[in-house]
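**Student:** Below is the structure, and that's it, no one-letter string:
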């Protein structure tokens, strides 16, 4: 529980926005958010750190949405519910990981008040 409270606190802190790159820039494999063109190492470190924080926050948020979706798909109240094995197959996870993600999603749903029946 302390971990989910910690994540909630982290989620409130907004990392630097990810700036989407134009298509022509992404065609160059060496191009990455214009970092390769920065000459000042201080500026490079600051921007690379901002991007790292933003990507980590985006990853954490996406994992939470995965867990919520897994829990919803496996909800025993659904007539079309999926087993943990079926969720694992769809998400390309192991069945054990799917069970853990389903439990995590159930906890997130309960803590957010999204579960209307409880």
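**Tutor:** Received it, and whenever you're ready, just let me know what you need. Small disclaimer: the values here were computed from a predicted structure and weren't measured.
**Student:** Tell me where this structure is predicted with low confidence.
**Tutor:** Low-confidence regions of the chain, defined by pLDDT under 70, span residues 1-29, 114-118.
**Student:** Helices of that one, residue ranges please.
**Tutor:** Under the criterion DSSP state H, the chain carries helices at the ranges 2-12, 23-26, 41-73, 84-91, 95-112.
**Student:** okay, those in JSON lines with mean neighbour count and distance to residue 32 next?
**Tutor:** C-betas here are computed from N, CA, C, even on glycine. As requested, the helices of the chain are arranged in JSON lines below (neighbours: other CB atoms under 10 Å; distance: least, CB to CB, whole Å):
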{"stretch": "helix 2-12", "mean neighbour count": "10", "distance to residue 32": "25"}
{"stretch": "helix 23-26", "mean neighbour count": "10", "distance to residue 32": "9"}
{"stretch": "helix 41-73", "mean neighbour count": "15", "distance to residue 32": "9"}
{"stretch": "helix 84-91", "mean neighbour count": "17", "distance to residue 32": "27"}
{"stretch": "helix 95-112", "mean neighbour count": "17", "distance to residue 32": "30"}
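**Student:** Figure out which of the ones you listed is closest to residue 33.
**Tutor:** In terms of CB to CB, the element of the helices of the chain nearest to residue 33 is helix 41-73, at 5.9 Å.
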